[in-house]
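Trainee: Pasting a predicted model and its sequence here:
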Amino acid sequence: MVPKLLFGNLIVIKTLFLKLSPMRDRYKIIEQDGVHFLTSTVSEWLPVFTSQPYFDIVVETLKFCIDSKAFKLYAYVILDNHFHLIASSPDLSSTMASLRKYTAKRIIEQLEADNKSWLLNQLTFFKKRHKKESQYQVWQEGMHPELIQNAEMLSQKIEYIHKNPVARGYVDEQEHWRYSSARNYVNDDHSIIKVDCSLC
Ligand code: NI
């Protein structure tokens, strides 16, 4: 009885906390210029990133944002169906919205060029009804932004990002994953994207 009661109380406390704390909003960036951990996931976790052209679309777009939008990238990883970033920008919501819109368009073009009709059909099928501007929905809605509160949280999130391909069994060493800032941090290799390592 006691553990069950305790568990029940915990749920009540958690629910109250979620209601009272606007910073816990899972879908909105509240401090626009803060450093955030962000995740963008392909609709229904479909594996779109399976060859270099698809990774390059995200890489090139990130580089464009860094060069032209006062966008700072501190860490990233791109996996088969999602990417994580730690980033900041004067207006992070609109930068990320542009990034997602542009990469979605380029990904559709690439899928069409590669005749990947199964994936294209899936991306049409799962499109939300209210999204009228495009035939397809590449990215799930929301980026689950988490404001980085301190140095400890920052290093935890960087570690999480870099361990992702290892946890999934894709590589044995984090720096072996080509599309990850582990290469930047471990090997000082900035050949894919130059990330800002100044916070660590
Ligand atoms: Ni992940």
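Mentor: Everything's here; your move.
Trainee: Going by C-alpha atoms from here, please, whenever you check contacts or count neighbours.
Mentor: OK.
Trainee: ok, now which ones touch the residue nearest the centre of the chain?
Mentor: For the chain, T39 is the residue whose C-alpha lies nearest the centre (Cα atoms, centre = their mean; 2.5 Å). With contact taken as Cα atoms under 8 Å, 6 or more residues apart in numbering, T39 is in contact with 82-85, 143-145.
Trainee: Helices along the protein, start to end?
Mentor: Listed in chain order, the helices found in the chain under DSSP state H are 2-20, 52-68, 92-113, 117-125, 151-167, 182-187.
Trainee: Keeping just the C-alphas, turn the last one into CSV.
Mentor: Listed next in CSV are the C-alpha coordinates belonging to helix 182-187 (Å, rounded to 0.1, in the frame of the first residue of the first chain):
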residue,chain,number,x,y,z
ALA,A,182,31.6,14.2,-31.2
ARG,A,183,34.1,14.5,-34.1
ASN,A,184,34.6,18.2,-33.3
TYR,A,185,34.9,17.7,-29.5
VAL,A,186,37.0,14.4,-29.5
ASN,A,187,39.2,14.8,-32.6
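Trainee: low pLDDT regions in the chain?
Mentor: By pLDDT under 70, the weakly predicted segments of the chain are 1-27, 128-133.
Trainee: how many neighbours does the nearest residue to D80 once chain neighbours are set aside have?
Mentor: Excluding its sequence neighbours, the residue lying closest to D80 (Cα to Cα, 6 or more residues apart in numbering) is F49, at 4.4 Å. By the criterion of other Cα atoms under 10 Å, F49 has 20 neighbours.
Trainee: Pretty sure F49 sits against V77.
Mentor: No. Using Cα atoms under 8 Å, F49 makes no contact with V77, being 11.8 Å away.
Trainee: shared neighbours of those two, which are they?
Mentor: Here F49 and V77 share no contacting residue, scored by Cα under 8 Å, 6+ apart.
Trainee: Could you export the helices of the chain as a markdown table, including distance to E173 and mean neighbour count?
Mentor: Converted to a markdown table, the helices of the chain look like this (distance: least, Cα to Cα, whole Å; neighbours: other Cα atoms under 10 Å):
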| stretch | distance to E173 | mean neighbour count |
| --- | --- | --- |
| helix 2-20 | 37 | 11 |
| helix 52-68 | 20 | 16 |
| helix 92-113 | 28 | 16 |
| helix 117-125 | 30 | 15 |
| helix 151-167 | 6 | 17 |
| helix 182-187 | 9 | 18 |
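Trainee: export those helices to TSV and tack on distance to E44?
Mentor: Below are these laid out as TSV (distance: least, Cα to Cα, whole Å):
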stretch	distance to E44
helix 2-20	26
helix 52-68	17
helix 92-113	15
helix 117-125	8
helix 151-167	19
helix 182-187	27
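Trainee: Tell me the one of the contacts of T39 nearest D56?
Mentor: F83 (12.7 Å; Cα to Cα).
Trainee: Around that closest one, count how many other residues there are.
Mentor: F83: 21 neighbours (other Cα under 10 Å).
Trainee: Please name the residues that touch it.
Mentor: Residues near F83 by Cα under 8 Å, 6+ apart: 39-41, 76-77.
Trainee: The residues you listed in strands, which ones?
Mentor: 39-41, 76-77 (DSSP state E).
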